[in-house]
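Engineer: Model the structure of this input:
(chains A, B, C and D)
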Number of protein chains: 4
Amino acid sequence: MAEKAAHLPPLDPRNPLAAIESAADAYRNWGRWGEDDVWGTLNFIDEAKRVEAAGLIRRGTTFSLSQLFDTDGPQNGWRRRTNPVHTMLDTGVDAARGNQGFPHGIGGADDVVFMPLQSSTQWDGLGHIFDRGRAWNGRDCGEVVTGEGDQVTGIEKTRDRFVSRGVLLDVGAQFGENGELPDGFAITPEHLDATIEAQGESSHIGTGDIMLVRTGRLARARRDGWEEYAGGPAAGLSFTTAGWLHGHEVAAVATDTWGFEVRPNEFDDAFQPLHQIAIPNMGLFIGELWDLDALAKDCATDGRYDFFLTAAPIPFTKAVGSPVNPIAVK
Amino acid sequence: MAEKAAHLPPLDPRNPLAAIESAADAYRNWGRWGEDDVWGTLNFIDEAKRVEAAGLIRRGTTFSLSQLFDTDGPQNGWRRRTNPVHTMLDTGVDAARGNQGFPHGIGGADDVVFMPLQSSTQWDGLGHIFDRGRAWNGRDCGEVVTGEGDQVTGIEKTRDRFVSRGVLLDVGAQFGENGELPDGFAITPEHLDATIEAQGESSHIGTGDIMLVRTGRLARARRDGWEEYAGGPAAGLSFTTAGWLHGHEVAAVATDTWGFEVRPNEFDDAFQPLHQIAIPNMGLFIGELWDLDALAKDCATDGRYDFFLTAAPIPFTKAVGSPVNPIAVK
Amino acid sequence: MAEKAAHLPPLDPRNPLAAIESAADAYRNWGRWGEDDVWGTLNFIDEAKRVEAAGLIRRGTTFSLSQLFDTDGPQNGWRRRTNPVHTMLDTGVDAARGNQGFPHGIGGADDVVFMPLQSSTQWDGLGHIFDRGRAWNGRDCGEVVTGEGDQVTGIEKTRDRFVSRGVLLDVGAQFGENGELPDGFAITPEHLDATIEAQGESSHIGTGDIMLVRTGRLARARRDGWEEYAGGPAAGLSFTTAGWLHGHEVAAVATDTWGFEVRPNEFDDAFQPLHQIAIPNMGLFIGELWDLDALAKDCATDGRYDFFLTAAPIPFTKAVGSPVNPIAVK
Amino acid sequence: MAEKAAHLPPLDPRNPLAAIESAADAYRNWGRWGEDDVWGTLNFIDEAKRVEAAGLIRRGTTFSLSQLFDTDGPQNGWRRRTNPVHTMLDTGVDAARGNQGFPHGIGGADDVVFMPLQSSTQWDGLGHIFDRGRAWNGRDCGEVVTGEGDQVTGIEKTRDRFVSRGVLLDVGAQFGENGELPDGFAITPEHLDATIEAQGESSHIGTGDIMLVRTGRLARARRDGWEEYAGGPAAGLSFTTAGWLHGHEVAAVATDTWGFEVRPNEFDDAFQPLHQIAIPNMGLFIGELWDLDALAKDCATDGRYDFFLTAAPIPFTKAVGSPVNPIAVK
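Structural biologist: Predicted coordinates:
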């Protein structure tokens, strides 16, 4: 299906709407899995794919691809997104003082959290982004995501879906300096293909794979502070990768950035245009704020860039996204 | 190591403290994995065990063992535990009206959640329970879990650990009526052994396995309403299983109940005494409010009760527990 | 203006829509205070009224009319309303242990709260209720209250308004048994007039007054438990009081119940129909879950039912309501 | 009692502990109002004082002294303090679409908030600060404020207390440039006396008054952005005012700054030392983040700096502070 992309005219920075319309028309998957579909590109993962992925577990080594969830995070209040706030209901200090009133020396601690679901490592659900009034599968977005949440494609519908073969494309290592791409670096289909070529056979991407793209942006934040990690400039996928992603039939894509796609984007005036194609039109699941650094190091060491991956969202009913602790096993 | 249990005197309901002291002394793992240990029984999971577990993936079928997270849950405010409250920051209804001010037809929805970390399917962290002032590994609980959270054994320390062979023991199916044990039914070592025997070879339990015990309590709540699911009477593990769990060197145990152990417990006056042995003394991870019903049905159908299991906590820094969406793959 | 009410046909339980339409037409205040108005009936309070109210302070005695805000409250999760959850960020127990790292012996405690704004003693803002798509002053409700909150009549707009003469009408004492009206008791204009008559001169109600109506419902909840206090049956204002409230030009009305109006209401099938007239059509501010018992006792003792009243909302920007601790001074 | 202050040696920046000990000893009010006291300096407000205050209501003009509560606030995550996050449970946009399922055209909006209690305009409760292990009235701070909150002096205990005569001391206008004191400006007793002298008779301060001190810091934040408003340098009360505040028997003091006292403080190494004297030793209530600008302008215009003041906390049970919307009436 890669030729589809070739038919699109080159990206014109002055005309985002035309580009969005063309790409949406070219890569739209509405109806592909039936009228009632709530899984989008997760349909590409079948049981055979999971059995194949299981075969990639050779050493039994595990990697958590999640950032830590705490107030020392990237959020700055934009659109009311704060960092997670974790507080205690009861503590060991209380238990040590005998404040708790339980018999025979048992004591306990308990806690709560308040968090925007997009505040740290997360999946965007299918109800997270709309295109000209339409949510995934062509539904009226006003019917889908109301004040009570996502009535149709809530993240809980995918709770057993995110198990597949994962593949890491370390574009930062291939094209960056010290493994880090500069802000505004647009990762094109050519960069993806070149990275796959350079990394070797284990990096081939096909139907149902979950593709992880490392830019090095998080490594910089870890070193230099969060600064504008949330909402600021960053490397990321080019708008022109829409066809590539569609053609390769990936089940999901995740990055080590806030916004998945390149920022600022390639148009004079647009907001997250690749999201606009990917989520409501393709039904593609997008992961953001993932920590790919330790995994990348291991892949570089053993030369194997694919692995078994589970990335199960917490099934908040009717949520348009979810925190996730993705686990890669090699 | 099973004989250790045999040395303990029979449980005297009138003397919980003596029983707690004896069991704590007999099954204490302090220092077993070094002074700085933060993993407890998760140390039993090694890479070979994970490779073994990967071999259990034959069909590629996945099971989410998580309840849904929403206000229609079991919590009733006890110890300030509410059900999770999920609210929207932006909606499709807003996008449909053009309220959002984004260009070229992109619209979005976003959300937040407030939740006690023990409100639905969860892992108890090692900082959740103390025994006579001591946290896991013998640490002073007042040094470990302060108002700022668990300074030592926060759940984030285990973020890549929960991948192993899982085994379901459907005690409800063996000893219950219609698969449901009555409230107050204490599951003894004998019940566990008999269930393993009845279920067959795939149910053997050994070092590093994650053991899931189904009582049928959640099935009843699903049918009849939550009622006293949280904090009320239920079937669960007998205090006398402490030695069995210790001797079998399981990495973790999870149940389909609020409290893991039988309620009311077997003493005239005690509060969650098996927790008091398991968490601070053994370093055992306990999962509660898991949904084992669909998995149990599948196991009964194909006769295989073991599977690959990932159950990655969300790494809330310094938390004493975490919501989790455990995924079993067969 | 009382004759306006007289022109309305008697309430027909089978035809709520006709009754709502008639009352809305008869008592609508749209445009009365200009197109940009955000204060509704609070416009009735002028400076002279406040000076008059100040004259009611004779003894200097104060009454808080607020319930306590904690998890032991009336909410049960309906429409995701929980009770307030208060947790500590730091504690005296921590300070006593020297956990906090501050110099020279200073220690501190800090806390957070999560709460639905309607969870305890509160004001309904003008954006809380709509009538057939219209918010207060005839505005399109979809333009007024979006996913980002009330863009026009947020509660913060009233932050210096709620100071006036307050008058308590203890209908429970006049018509109830032991001061408590039975559930479903509809307080009619006749009951209001009779209560004023019985209580005497200090109970006259006029332009700009804040009227407090005691039913005794909270006293019962305090004695017998919350049960169905939130959302269940209760005494309250009859739909037929709309004209009375309009004609008397009260600035606000508050009650000791969850829902202000009688429940079940007087129609075969309607939901809070008096709200539908009062808030979007009249621009009337409604207070709910107020605690009027101690004040009522004092009024009965000294025979004076009017007082100086401040009831300042916390100015949450764009909120459609607010918790409040109303203070009466006699 | 002013001579007490005179007996203290001059402040030695190198020896904060000695200064704290001397001031604590000199100005401690423990036991002054009985062993069970929970009101501290609020005991100075008597009914006669409130009647006197009522006499200050001449025009009926009201001033809200509260900042707005929203995400555009001063907090930056320090000690897990975020700005308040307000989200909608239901909206007018939903109502306009007919999403809500209520009959006869009624629609509604509802909302929730998450907030640290110190995030905006607030009262510090008596359990907020400790001195060498002691809370107000000499209590062991570990007995008073546990993981479940303030067991003794929770803010709810004061819910009907904060009504008195208020006096504004506009030190910024007297000693600042354009009404704004520079950061680090320590307001001494001499500055307070000079301001009272300059403002005239209405500014006298005595037993039971609530004193408001304006520095101009909030005016600058409003103009230049929040920057380091929370926790950064600011003008504020000098440590040397402890005796003045004690001698004048004020009921409470509030400022337009984050920290009430001058920052950095006057010692080489200390943290909020005046808090350490004021709250646990004197039992003094401190208000922070108040907005005094509009009131100050009015006072300058009419030359009257005293007024009737209500500042009722929301009675969160066992809280160590509370948001407040203080209302001044002139």
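
Engineer: so how far is the first residue of stretch A:253-264 from its last?
Structural biologist: Start and end residues of stretch A:253-264 are separated by 19 Å (CA to CA, to the nearest Å).

Engineer: Check stretch A:119-137 too.
Structural biologist: 27 Å.

Engineer: Please apply the same query to stretch A:300-315.
Structural biologist: Per CA to CA, the first residue of stretch A:300-315 is 34 Å away from its last.

Engineer: Residue A:25 and residue A:238, how far apart?
Structural biologist: 19 Å (CB to CB, to the nearest Å). C-beta coordinates here come from the backbone N, C-alpha and C atoms, glycine included.

Engineer: more crowded one of these two?
Structural biologist: The residue with more neighbours, out of residue A:25 and residue A:238, is residue A:238; 22 against 11, by other CB atoms under 10 Å in any protein chain shown.

Engineer: for chain C, what are the nearby residues on chain A?
Structural biologist: Contact residues (CB under 8 Å from any CB of the partner chain) of chain A with chain C: A:85, A:87-89, A:91, A:93-94, A:96-97, A:99, A:112, A:114, A:147.

Engineer: Settle this for me: residue A:267 is touching residue A:273, isn't it.
Structural biologist: Yes: in this structure residue A:267 lies within contact range of residue A:273 using CB atoms under 8 Å: 6.3 Å.

Engineer: For beta bridges, what are the partners of the spatially most central residue of chain A?
Structural biologist: For chain A, residue A:287 is the residue whose C-alpha lies nearest the centre (CA atoms, centre = their mean; 0.7 Å). Beta bridges link residue A:287 to residue A:123, residue A:254, judged by DSSP bridges.

Engineer: can you list the domain ranges for chain A.
Structural biologist: A:16-77+A:116-329, A:85-114 (automatic domain parsing).

Engineer: The longest one - what's its average pLDDT?
Structural biologist: Throughout domain A:16-77+A:116-329, pLDDT has a mean value of 97.

Engineer: Next, the distance between the ends of it.
Structural biologist: 40 Å.

Engineer: thinking again about what came up before, comparing the domains of chain A, which comes out most buried?
Structural biologist: Highest mean neighbour count of these: domain A:85-114, a mean of 24 (counted as mean count of other CB atoms under 10 Å in any protein chain shown).

Engineer: So that one, near chain D or not?
Structural biologist: Yes: residues of domain A:85-114 contacting chain D under CB under 8 Å from any CB: A:85-91, A:93-94, A:97, A:99, A:109, A:114.

Engineer: could you dump the residues you listed to TSV with distance to residue B:47?
Structural biologist: Shown next, in TSV, are the residues of domain A:85-114 next to chain D (distance: CB to CB, whole Å):
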residue	distance to residue B:47
A:85	36
A:86	31
A:87	36
A:88	35
A:89	36
A:90	36
A:91	35
A:93	37
A:94	39
A:97	42
A:99	43
A:109	31
A:114	37
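
Engineer: Need the nearest residue in space to residue A:84, chain neighbours excluded.
Structural biologist: residue A:115 (3.7 Å; CB to CB, 6 or more residues apart in numbering or on different chains).

Engineer: likewise residue A:27?
Structural biologist: Spatial nearest neighbour of residue A:27, excluding adjacent residues (CB to CB, 6+ apart): residue A:246 at 4.0 Å.

Engineer: hang on, the earlier thing: with distance to residue C:314 as extra columns, can I get the domains of chain A in TSV?
Structural biologist: As requested, the domains of chain A are exported to TSV (distance: least, CB to CB, whole Å):
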stretch	distance to residue C:314
domain A:16-77+A:116-329	19
domain A:85-114	18
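
Engineer: among these, which is nearest residue B:139?
Structural biologist: With CB to CB as the measure, domain A:85-114 is the member of those nearest residue B:139 (8.8 Å).

Engineer: closest one to residue B:232 among the domains of chain A?
Structural biologist: Among these, domain A:85-114 comes nearest to residue B:232, with 17.6 Å by CB to CB.

Engineer: Between its first and last residues, how far does that closest one reach?
Structural biologist: Domain A:85-114: ends 5 Å apart by CA to CA.

Engineer: do the same with stretch A:75-85
Structural biologist: End to end - CA to CA - stretch A:75-85 spans 12 Å.

Engineer: cool, stretch A:202-214 as well?
Structural biologist: Termini of stretch A:202-214 sit 16 Å apart (CA to CA).

Engineer: With chain B in mind, check whether that stretch reaches it.
Structural biologist: No: Stretch A:202-214 stays clear of chain B (CB under 8 Å from any CB), getting no nearer than 10.7 Å.

Engineer: element containing residue A:164?
Structural biologist: strand A:163-169 (DSSP states H and E).

Engineer: and that strand, does that touch chain B?
Structural biologist: Yes: contact of strand A:163-169 with chain B (CB under 8 Å from any CB) involves residue A:163.

Engineer: Beyond that strand, next helix or strand please.
Structural biologist: helix A:171-175.

Engineer: Show me what that next one is packed against.
Structural biologist: In terms of contacts (3 or more CB pairs under 8 Å, 6 or more residues apart in numbering or on different chains; DSSP states H and E), helix A:171-175 is packed against helix A:189-199, helix A:293-302.

Engineer: Helices - which of the residues of chain A next to chain C land there?
Structural biologist: A:93-94, A:96-97 (DSSP state H).

Engineer: show me which of the residues you listed neighbour chain B.
Structural biologist: Checking those against chain B (CB under 8 Å from any CB), the matches are A:93, A:96-97.

Engineer: Pick out whichever of those sits closest to chain B.
Structural biologist: residue A:96 (3.3 Å; CB to the nearest CB).

Engineer: I'd guessed that closest one sits against residue B:139; true?
Structural biologist: No: taking contacts as CB under 8 Å, residue A:96 lies outside contact range of residue B:139: 10.9 Å.

Engineer: got the phi/psi numbers for residue A:139?
Structural biologist: phi -70, psi 150 (degrees, to the nearest 10).

Engineer: Setting aside sequence neighbours, what's the nearest residue to it?
Structural biologist: Closest to residue A:139 by CB to CB, 6+ apart is residue A:152, at 6.4 Å.

Engineer: Could you look up the SS state of the one you found?
Structural biologist: coil (DSSP: H, G, I helix; E, B strand; the rest coil).

Engineer: re earlier: residue A:282 is in contact with the residue nearest to residue A:27, correct?
Structural biologist: Yes: with contact defined as CB under 8 Å, residue A:246 and residue A:282 form a contacting pair (5.8 Å).

Engineer: Now the common contact residues for those two.
Structural biologist: A:27, A:29 (CB atoms under 8 Å, 6 or more residues apart in numbering or on different chains).

Engineer: Going by proximity to chain C, name the top residue of the stretch 101-250 of chain A.
Structural biologist: residue A:112 (5.7 Å).

Engineer: List the residues that contact the residue lying closest to residue A:289 once chain neighbours are set aside.
Structural biologist: Of all residues not flanking residue A:289 in the chain, residue A:121 sits nearest, at 4.8 Å (CB to CB, 6+ apart). By CB under 8 Å, 6+ apart, residue A:121 lies in contact with A:65-67, A:69, A:287-291, A:323-326.

Engineer: Sketch out the helices for the stretch 201-330 of chain A, chain order is fine.
Structural biologist: A:217-224, A:242-248, A:273-277, A:293-302 (DSSP state H, counting those that start in this stretch).

Engineer: just the stretch 1-150 of chain A next, same as before
Structural biologist: A:2-7, A:16-27, A:47-54, A:92-97, A:141-144.

Engineer: Not counting residues beside it along the chain, what's closest to the residue of the stretch 101-250 of chain A closest to chain C?
Structural biologist: Residue A:112 sits nearest to residue B:116 (CB to CB, 6+ apart), 4.6 Å away.
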